[in-house]
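A predicted structure for the sequence below; I have some questions about it.
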Amino acid sequence: MNKPIIIVAGPTASGKTSLAIDLAKKFNGEIVNADSRSIYREMDVATSKPTTEERQEIPHHLIDIVKPDETFSLSDYKKLANSAISEIQNQGKIPFLVGGTGLYLDSIAYDYNLAETKPNLVLRKELEKSSTTELAEKLKLLDPNTYKIIDLKNKRRLIRAIEVASQTNESFTSLQTKKPKPANILYLVLDVPRDVIYKRIGQRIEKWHTEGLVKEAEDLTKKYSINLPSMSAIGYKEIGEYINHKVSLPEALENMKKKTRNYAKRQITWFGKNKDIIYIKNGKEATRIIENFLK
């Protein structure tokens with residue numbers, strides 16, 4: 001097959017990272033990160049990045065590429081991911097696009113034509129003060145078409161949609177066109193029972209606590225504003241509330257578990273709408289599908 005690309009996706013805590021590493025070893029591949037939190041430096045505990053050992057096993061791209069206070073758009077991601085994919089392919093290897101951020105994955109799979117509107121930092125700072133409910137209402141007035149399909153819980157996406165609509169007087173959705181998925185892209189998603197995912201989420205967050213999440217969050221809040229998009233990542237915001245004595249530590253951890261479960265639900269819904277996806281149960285099934293795909 002001419003320059004194949006393999007996507008290994010799934011909701012948080014589905015096991016996609018370890019599976020992708022095994023598959024990349026088996027099929028002479030390298031991994032391109034498609035997780036919107038793993039791009040940030042200094043944010044290690046609550047982003048569940050591949051470990052140092054895992055990154056030594058297989059080369060990883062697009063991890064730790066920007067500081068928490070630097071702006072980073074979907075358009076930035078698409079450019080860097082395509083560059084990494086070309087670099088891997090030029091070595092005669094297979095790029096494995098791995099993560100759970102649907103927009104990152106689909107921007108490559110469907111070659112999104114993205115709005116090139118530059119960030120308005122003044123507007124963003126003002127919009128950051130609003131709740132997601134308030135932002136959704138604002139978007140509904142400005143851009144009702146986007147309001148109907150956007151993730152109304154995703155503050156970053158709401159702010160970007162408002163930013164684009166207010167500057168261009170056009171619908172954010174209309175400026176984001178996409179193409180059909182080409183035949184050289186295989187889109188795999190791990191199908192894991194929800195109860196298993198929820199159990200893993202609980203275990204993961206307890207592990208974050210023991211691995212020093214509170215200390216990491218304290219260090220970050222000393223250097224960066226809690227209102228930055230990067231700091232809205234699940235874990236840092238909740239621990240920030242604990243640091244500021246708004247909740248107890250057990251409450252903060254429970255809030256993290258609840259929000260992560262809700263995030264996993266949204267990821268499952270996103271993937272469930274895509275008819276190009278092939279669901280897999282395990283590595284054996286994935287291996288068989290990839291072998292047939294490469295033939």
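Good, I have the coordinates. Numbers count the residues shown, from 1 in each chain.

name the residues that touch the longest helix seen in the chain?
Criterion DSSP state H: the longest helix present in the chain is helix 249-272. Helix 249-272 is contacted by residues 9-13, 100, 102, 151, 153, 189, 194, 197-198, 201-202, 204-206, 208-209, 214, 234-235, 238-239, 241-242, 247, 277 when judged by CB atoms under 8 Å, 6 or more residues apart in numbering. Bear in mind the C-beta positions are built from the backbone N, C-alpha and C, glycine included.

apply 7 Å and report the result again.
9, 11-13, 100, 102, 151, 153, 189, 197-198, 201-202, 205, 209, 234-235, 238-239, 241-242, 247, 277 (CB atoms under 7 Å, 6 or more residues apart in numbering).

of the residues you listed, just the buried ones, PyMOL syntax please.
Those of these that count as buried under 16 or more other CB atoms under 10 Å are selected in PyMOL with:
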select buried, resi 9+11+12+13+100+102+189+197+198+201+202+205+209+234+235+238+239+241+242+247+277
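
how far away is L121 from A165?
Here the criterion is CB to CB, to the nearest Å. By it, L121 lies 17 Å from A165.

more neighbours: those two, which one.
Neighbour comparison, L121 and A165: the larger count goes to A165, with 25 against 10 (by other CB atoms under 10 Å).

in terms of helices and strands, where is the more buried one?
In the assignment (DSSP states H and E), A165 maps to helix 155-168.

can you give me the helices for the stretch 1-150 of the chain?
Taking DSSP state H, counting those that start in this stretch as the criterion, the stretch 1-150 of the chain contains helices spanning 16-26, 52-57, 74-90, 102-109, 121-127, 132-142, 144-149.

nearest to K284, of these?
K284 lies closest to helix 16-26 among the helices of the stretch 1-150 of the chain, at 10.4 Å (CB to CB).

CA atoms of the closest one as CSV?
Extracted C-alpha coordinates of helix 16-26, given in CSV (Å, rounded to 0.1, in the frame of the first residue of the first chain):
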residue,chain,number,x,y,z
LYS,A,16,-4.6,2.7,23.3
THR,A,17,-1.1,3.9,24.3
SER,A,18,0.2,0.5,25.2
LEU,A,19,-1.6,-1.2,22.3
ALA,A,20,-0.2,1.4,19.8
ILE,A,21,3.4,0.8,21.0
ASP,A,22,3.0,-2.9,20.5
LEU,A,23,1.6,-2.4,17.1
ALA,A,24,4.2,0.1,16.1
LYS,A,25,6.9,-2.4,17.1
LYS,A,26,5.3,-5.1,15.1
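
pull out the buried positions in it.
K16, T17, L19, A20, I21, D22, L23, A24.

ok, stretch 250-264 next?
Per 16+ other CB under 10 Å, stretch 250-264 contains these buried residues: A252, L253, N255, M256, K257, K259, T260, R261, Y263, A264.

and the last one, how far from E53?
It stands for A264. Separation of A264 from E53 (CB to CB): 26 Å.

likewise for the third one?
For N255, the distance to E53 equals 31 Å [CB to CB].

kindly report the same for the first one.
A252 sits 29 Å away from E53, going by CB to CB.
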